[in-house]
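Participant: sequence first, predicted coordinates after that:
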Amino acid sequence: MNPVTTALAPLTADAARLRQRIDTFAALSEPGAGEGVTRLAYTPLERQAHAVFTREMTDLGLTVWTDAAGNTLAERPGTRPGLPALGTGSHLDSVPNAGAYDGIAGVVAALETAHLLTEHDIEHAHPVRFVAFAAEEGARFGQACTGSRIAAGLTGPADLETKQDADGITLADAMRSVGFDPAEAAAARWQPDEWAAFVELHIEQGSVLESTRTPVGVVDQISGSTRIMLQVTGRASHTGGTPMHLRADALAAGAEIVLLAESIAGDTRHRGTRISVGKIEASPGSITTISGRTRLYVDIRDIDSDRQRLTAAELVDRATAVCRRRGVGLTATTLADASPVVLPRRLRDTVATTCTGLGIDYRVLPSGASHDSQMINHIVPTGMIFVPSRDGISHSPLERTGADELATGTTVLAASLLALDQQLRPAPQL
Ligand code: GLV
Ligand code: MN
Ligand code: MN
């Protein structure tokens, strides 16, 4: 008899409950921010979402705490004292005008798993921790995965003082504004010996699963990301009075750089590289003034770390040449840099074997997006489960995953955690 599937037979995730939680979190959105969900990192709304998580976990009888980074953790105790924890979870913040699933899918899957374990009175030897990470999205401060970076010891107070949002508010000040002291960040650091394994469920944010009609993805690699701000300095001047040949137009140079970035990513040396300029600030931003200063925010993603950094360097070199030819200046500032990660084979195999045991088809694939798992894997062996994204769309109000699809992924998540609980038990003392 297979002990894993025997233990798991009752643990079938409930699609209606998952849908209800998705809707509850989606309702927590900045009023007047337009379409979709806007719940940015280190805002009162993000904290409200954490309070919802805390309430449900507390109602289930779990011990819940929030760490100095704003991550919320809930623990269901194991039956064997002293064993390290198994973990699962994802993030509750969003990009501006987001969908309802990025990050949230993994948190509602964690809530559902906690619910199933409690409802069915399932015993596990290891404690199981359910985590809602804070501030995963890089949309506000440029740097992604702040809560999990702090947990992994990859960022600290000095770094948090340097990152700013569009209003000049530092990450550190934003943390203070919602009650966290960045000077205490080290207290949120996870100790490797307290953790046995972590598995995050997330939406794919791409179209591989949907196009291949595969319900579950098992992630093998997570892309890295280099984020740079290119500031082009020209000369602001009257749009009517300044002849075309006498201009130093920062926005026109910026536009050429945007197309340069696209063409670099499209050439055959960069198969797999993704370069995007997702944000442009043209100053002074008047229809009757030639832009004197334009800022381009560039995100370079790759699963090859050398190619990621070399591409960033090539873009800066070639953009410098564009600016020289156009008689404008260029400065490049690195806003954030994360390396790609290969997730451990062992966890991948556990999730894959669990899928097979449950009769659920799966496919191994890389992640183009960043995830808390990328950081957490520095501390604890981590696996990722993807569920399909409708039309491959994410970071958009059109983002969608069916409740049944989410339930299938959550069933695999719960089963994988219980499989790990069996596999990672130390042999009994004779
Ligand atoms: C996280 O959502 C990312 O930007 O990859
Ligand atoms: Mn996410
Ligand atoms: Mn995201």
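Facilitator: Great, that's in hand. Every value quoted in this text rests on a predicted model; they were computed, and no experiment measured them. Numbers count the residues shown, from 1 in each chain. Ligands and ions are numbered 1, 2, ... in the order given.
Participant: near ligand 2 at all, the stretch of helix or strand residue 148 belongs to?
Facilitator: Using DSSP states H and E, residue 148 sits within helix 146-151. No. Shown here: helix 146-151 not in contact with ligand 2 (C-beta under 5 Å from the ion), separated by at least 10.8 Å. Using the backbone N, CA and C atoms, a C-beta is placed for each residue, glycine as well.
Participant: show me where pLDDT drops low in the chain?
Facilitator: 1-10 (pLDDT under 70).
Participant: after the helix holding residue 148, heading C-terminal, what element do we hit next?
Facilitator: helix 157-162.
Participant: in that next one, what's buried?
Facilitator: For helix 157-162, the neighbour count (16 or more other C-beta atoms under 10 Å) marks 159-160 as buried.
Participant: helix or strand right after that helix?
Facilitator: helix 171-177.
Participant: residues from the stretch 1-150 of the chain in reach of ligand 2?
Facilitator: Residues of the stretch 1-150 of the chain lying close to ligand 2 by C-beta under 5 Å from the ion are 102-103.
Participant: and the helices in the chain, which stretches?
Facilitator: 3-8, 15-26, 44-59, 104-119, 146-151, 157-162, 171-177, 208-211, 250-266, 305-326, 345-358, 372-376, 403-423 (DSSP state H).
Participant: packing partners of the fifth one?
Facilitator: Put plainly, it is helix 146-151. Judged by 3 or more C-beta pairs under 8 Å, 6 or more residues apart in numbering; DSSP states H and E, the packing partners of helix 146-151 are strand 128-133, helix 372-376.
Participant: what do you get if the cut-off is 6 Å, keeping everything else the same?
Facilitator: Applying 3 or more C-beta pairs under 6 Å, 6 or more residues apart in numbering; DSSP states H and E, one finds that helix 146-151 makes contact with helix 372-376.
Participant: thinking again about what came up before, C-alpha coordinates for the helix holding residue 148, PDB please?
Facilitator: Only the C-alpha atoms of helix 146-151 are listed here, as PDB (Å, rounded to 0.1, in the frame of the first residue of the first chain):
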ATOM      1  CA  THR A 146      11.500  42.000   0.000                       C
ATOM      2  CA  GLY A 147       9.800  39.900   2.700                       C
ATOM      3  CA  SER A 148      11.400  36.700   1.500                       C
ATOM      4  CA  ARG A 149      14.800  38.400   0.900                       C
ATOM      5  CA  ILE A 150      14.700  39.500   4.500                       C
ATOM      6  CA  ALA A 151      13.800  36.000   5.700                       C
END
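Participant: that helix near ligand 1 at all?
Facilitator: No. Helix 146-151 is not in contact with ligand 1 by C-beta under 6 Å from any ligand atom; minimum separation 11.4 Å.
Participant: residues of that helix that come out buried?
Facilitator: Buried, per 16+ other C-beta under 10 Å, within helix 146-151: 146-151.
Participant: and which of those is nearest to residue 302?
Facilitator: residue 149 (19.5 Å; C-beta to C-beta).
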